[in-house]
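Undergrad: With the sequence up front, the predicted model follows.
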Amino acid sequence: MIVLTSEAVAAGELLGEAPSPRARTTRAQPRKRAPGPSRRGILGFAVPVALLVVWEGLGRTGLAAPNLLPTPTAVLDTLGGLVLSGELFGHILVTFARVAAGFALGTAAATALGALTGYSAFYRLLLDPLIQGLRSVPSLAWVPLFVLWLGIFETSKIALVAAGVFFPVYLNLMSGIHGVDRKLVEVGRMYGLRGLGLVRRVLVPATLPAYIVGLRSGLGLGWMFVLAAEFMGASEGLGYLLIDGQMTGRPAAIIGGVILFAVFGKLTDALLARGTRPFLAWQDSFAARREREDA
């Protein structure tokens, strides 16, 4: 089978040779470009906006009971009242502080243990079975234990968030190190890399993609675990806003709290992804190449 490239077609034309009809057709077809960054951003809002429109329509036509599913405008009015009273910003700041502290602690512990068990077969055999077993424990099962050990104040809430962040970061880092291509390590050793030099020049770049995925997964679980943490006798936070809406019969406050969790979870994930993108600039992946071509 003969494959004609664009360079070959151009060379044939310079030599006076007419390109074949198939080659002419192949060269004439323009490459479809993916949507640019601005269009991709707009496209991401299409489904949420459509859902909001349908939701508002169901409420205004009476197909959805307002005491069960208030309209988006009713939810917005409730959140606006909380903003004007200054109550909402206090709840948001408290929840953000808990997620940030838990994320930092969980990431630090997971990075240390993940690097240790990924690099050392001895410590992997010693520690990994226990950690994998604890990873299967449901999040709510930790609540009574942390309350018993640490009380109902901030320490137990931050510890619960840290527990949620720990496991995906640990698993991705350990698996990333353990799955580094053996040929890369051998090439590094051929160039005289040993110990920390091998880790810094070979293992760290090779495991960064998996580690960053673990960070994003851990951050997402941190937002989930903070809700369980704020169910533990909290008097502030977005989780408390949900409980208060349930106790006082305000479905708009409950749905508003759920939407705020979704919005802030997405924003923090986008910030983390954008902040770690320069560390993966060396990648020649399919997605990275398309982004460079569309820029």
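TA: Arrived safely. Here the structure is a predicted model, which is why all the values come from computation and not from measurement.

Undergrad: Leaving out chain neighbours, which residue sits closest to W223?
TA: Closest residue to W223 apart from its sequence neighbours, by CB to CB, 6 or more residues apart in numbering: G265 at 4.4 Å. Where C-beta positions appear, they are placed from N, C-alpha and C, glycine not excepted.

Undergrad: Can you tell me how far the one you found is from A104?
TA: Per CB to CB, to the nearest Å, G265 is found 17 Å from A104.

Undergrad: Give me the more crowded residue out of these two.
TA: Using other CB atoms under 10 Å as the criterion, G265 and A104 rank with G265 on top: 17 against 14.

Undergrad: in which helix or strand would I find the more buried one?
TA: G265 belongs to helix 251-276 when assigned by DSSP states H and E.

Undergrad: before we move on, what about P129?
TA: Per DSSP H and E: P129 is located in helix 121-135.

Undergrad: who's in contact with that helix?
TA: L113, L116, T117, G118, F167, Y170, L171, M174, H178 (CB atoms under 8 Å, 6 or more residues apart in numbering).

Undergrad: Mind listing what's buried along it?
TA: Across helix 121-135, burial judged by 16 or more other CB atoms under 10 Å covers R124, L127, D128, I131.

Undergrad: what helices or strands is the next helix or strand after that helix leaning on?
TA: In the C-terminal direction, the helix or strand that comes right after helix 121-135 (DSSP H and E) is helix 139-150. Applying 3 or more CB pairs under 8 Å, 6 or more residues apart in numbering; DSSP states H and E, we find helix 139-150 packed against helix 154-178, helix 204-230.

Undergrad: want to throw those helices into a markdown table with distance to V47?
TA: Below are the helices and strands packed on helix 139-150 laid out as a markdown table (distance: least, CB to CB, whole Å):
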| stretch | distance to V47 |
| --- | --- |
| helix 154-178 | 26 |
| helix 204-230 | 19 |
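
Undergrad: Tell me the pLDDT of the residue nearest to the spatial centre of the chain.
TA: With distances taken as CA atoms, centre = their mean, R216 lies nearest the centre of the chain, 3.3 Å away. We have a pLDDT of 97 for R216.

Undergrad: Over to the one 3 residues further on?
TA: As predicted, L219 sits at a pLDDT of 97.

Undergrad: and if you look at S38?
TA: Looking at S38, the pLDDT reads 59.

Undergrad: G106 versus the closest residue to G102 other than its chain neighbours, what's the distance?
TA: In space, and not counting its chain neighbours, G102 is closest to V161: 2.6 Å by CB to CB, 6+ apart. Remark: distance between V161 and G106 (CB to CB) = 7 Å.
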